[in-house]
Structures are given as C-alpha cells and as structure tokens.
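Peer 1: Sequence first, predicted model second:
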Amino acid sequence: MAYGLQFTNSSNTVVLDSEYARLMVISSGRFAPTEESGLGSTTYFATPVTSQEPPLVFVRPDTVSGVAGLCQMRLIGSAGNWTGFYVRAYDVNTAQPNGRYFVAAFAAQAAAQYGMRLWNGAGALLFDSGTPNATFTRSFQNWSYVRYDTTAQGLTRIYYTVPFNFPQNEYMLLNTFGMNMTSGSGIPRNLYCWWDFPNNTLYAITIAATNPIAFFLPAVFAKLAA
C-alpha cells in the first residue's frame with residue numbers, strides 16, 4: 001500500500017489495511033421456523049446490510065440426530081437495504097430449519113458508538129469496531145458422485161458427498177445453495193444441501209428432468225474471528 005494504515009499479525013500476515021476490505025459481519029443470530037408447516041424460516045437482520053451487492057449469509061444448522069436439509073435460500077430486500085433471508089427445510093423427513101447465522105459483506109458499516117473506523121482513499125468504510133470480521137476457513141469442490149434415484153414427480157435426483165466433521169464454529173455459505181444450475185434441458189437443476197450429522201457427511205443434491213452428473217459447485221466455509 002502507498003499510504004494509510006496497516007496491521008499485521010504475529011505470522012506477518014496482513015489482517016487489516018486501508019486499501020482492501022475484509023469480510024465484515026454486519027449481523028448475526030439464530031434462524032428458526034416461521035411458517036405453520038415448520039419447514040420455512042424467514043429471518044430479519046438486526047441491522048440492514050447497506051451494500052449494493054448482495055451480502056453473504058453463512059449458516060450452521062443445529063446438530064441433530066439425523067439430517068438437516070436446507071434449500072430455496074433467498075435474500076430479502078434490495079441493493080442498499082438487504083433486510084433478511086429465507087431458507088427452507090428439504091422436506092418433512094429432515095430437521096426443521098434451526099441454527100445460527102451471520103451475514104457479512106466486503107465493507108463495514110457505522111455501528112459502534114466508540115472505537116475505531118477506517119476508510120480507504122475513496123471514502124468507503126473498511127472497518128468499524130462494531131462490525132467484526134469473518135475468516136474463510138476452507139472450501140470443497142471435490143464432490144464425489146454417490147448415486148441417483150427418481151422423485152415421485154419423475155425427476156432425476158443425484159447425490160454428491162464430501163466427508164465433513166461439522167465443527168461448531170464453522171458456518172457454510174448459504175447463497176450458493178439458493179441458485180439453480182444448468183441442466184441438459186430448459187428446466188434448470190434445483191440444488192439442495194443435506195447435513196448428515198450421524199454419518200459426518202455433507203451432501204449436495206440436484207434435481208432436474210435432465211440431470212447431468214458433472215458437478216463442480218464449491219461449498220465455502222467461514223468462522224467468526226476470535
């Protein structure tokens with residue numbers, strides 16, 4: 001950097017400077033069922049996210065004795081005023097949507113009543129004492145094909161897995177599991193996520209009329225900074 005402020009840690013890694021934004025936590029809390037069916041969950045952030053680009057929502061479902069399935073994620077709000085998110089359980093055979101979340105953006109927001117704030121040369125707020133940072137921990141793209149079956153509607157459902165030990169302090173990026181994927185026809189692949197706690201296995205599931213086996217979606221994880 002040519003000017004400004006820079007912090008490095010004991011490993012000589014830059015943890016904060018006045019040129020580049022870090023992943024800052026704007027709001028955090030719990031999500032829980034809000035629909036009578038118990039399958040859907042709408043969560044509103046304690047503080048709206050004011051970024052123009054959609055913020056990143058990370059979740060950690062509560063540990064259960066079975067499968068926690070999540071799907072149909074979508075953000076609530078619009079550019080400059082993201083107010084919450086929606087997520088749904090896979091079906092009645094998986095756990096209800098209960099767990100912890102945090103929402104983050106590559107920019108800070110003026111939240112603290114005292115402390116420190118840091119701007120870049122263009123006047124964008126990069127750090128605020130009231131918005132702690134999150135750290136990316138790992139990502140998986142080496143999904144293993146397991147099997148396929150057919151849904152009651154006649155659609156092809158394909159299962160992919162990666163081994164995972166489900167640490168309590170790691171959260172998964174949910175945004176990617178709210179997007180459809182291309183398929184072999186005009187109907188896109190719907191995407192679902194299973195947290196199989198008894199078997200320490202993370203599943204990604206795609207469903208479509210014409211469902212190719214190739215699957216390269218990354219699963220991204222992060223944790224709150226200590």
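Peer 2: Done, it's in. Since the structure is predicted, the reported quantities are computational estimates derived from the model, not experimental observations. Numbering: from 1, shown residues only.

Peer 1: For this protein, which residues score under the pLDDT cut-off?
Peer 2: Scanning the chain for pLDDT under 70 picks out 1-3, 13-15, 226.

Peer 1: Could you identify the longest strand within it?
Peer 2: strand 67-78 (DSSP state E).

Peer 1: Compute the number of surrounding residues for Gln153.
Peer 2: Neighbour count for Gln153, taken as other C-beta atoms under 10 Å: 8. (C-beta placed from N, C-alpha, C; glycine too.)

Peer 1: My impression was that it belongs to a strand - is that right?
Peer 2: No - assessed with DSSP: H, G, I helix; E, B strand; the rest coil, Gln153 is coil; it does not lie in a strand.

Peer 1: domains of the protein?
Peer 2: Following automatic domain parsing, the chain resolves into domains at 6-68+96-134, 137-224.

Peer 1: mind checking the end-to-end distance for the longest one?
Peer 2: Distance across domain 6-68+96-134, first residue to last, is 18 Å (C-alpha to C-alpha, to the nearest Å).

Peer 1: And the last one, by the same measure?
Peer 2: Using C-alpha to C-alpha, the end-to-end distance of domain 137-224 comes out at 10 Å.

Peer 1: Could you report the distance from the closest residue in space to Ser129 that isn't next to it in sequence to Ile158?
Peer 2: Excluding the flanking residues, the one nearest Ser129 by C-beta to C-beta, 6 or more residues apart in numbering is Gly115, at 2.6 Å. Separation of Gly115 from Ile158 (C-beta to C-beta, to the nearest Å): 49 Å.

Peer 1: between those two, who's got more neighbours?
Peer 2: A count of neighbours by other C-beta under 10 Å puts Ile158 above the other of Gly115 and Ile158, at 19 against 10.

Peer 1: Any idea how far stretch 56-65 is from the middle of the chain?
Peer 2: When distances are taken as C-alpha atoms, centre = their mean, to the nearest Å, stretch 56-65 is centred 9 Å away from the chain's centroid.

Peer 1: Sorry, slip of the keys, the one I care about is stretch 59-74.
Peer 2: Its chain's C-alpha centre and that of stretch 59-74 lie 12 Å apart, by C-alpha atoms, centre = their mean.

Peer 1: Show me the contact partners of it.
Peer 2: Outside stretch 59-74, the residues within contact range by C-beta atoms under 8 Å, 6 or more residues apart in numbering are 31, 57, 85-91, 93-95, 97-101, 166, 168, 170-172, 174-175, 177-178, 190-198.

Peer 1: Now the buried members of these.
Peer 2: 31, 57, 85-90, 94-95, 97-101, 166, 170-172, 174-175, 177-178, 190-197 (16 or more other C-beta atoms under 10 Å).

Peer 1: Out of those residues, list just those in strands.
Peer 2: Those of the buried ones among the contacts of stretch 59-74 mapping onto strands are 31, 57, 85-89, 99-101, 171-172, 190-196, per DSSP E.
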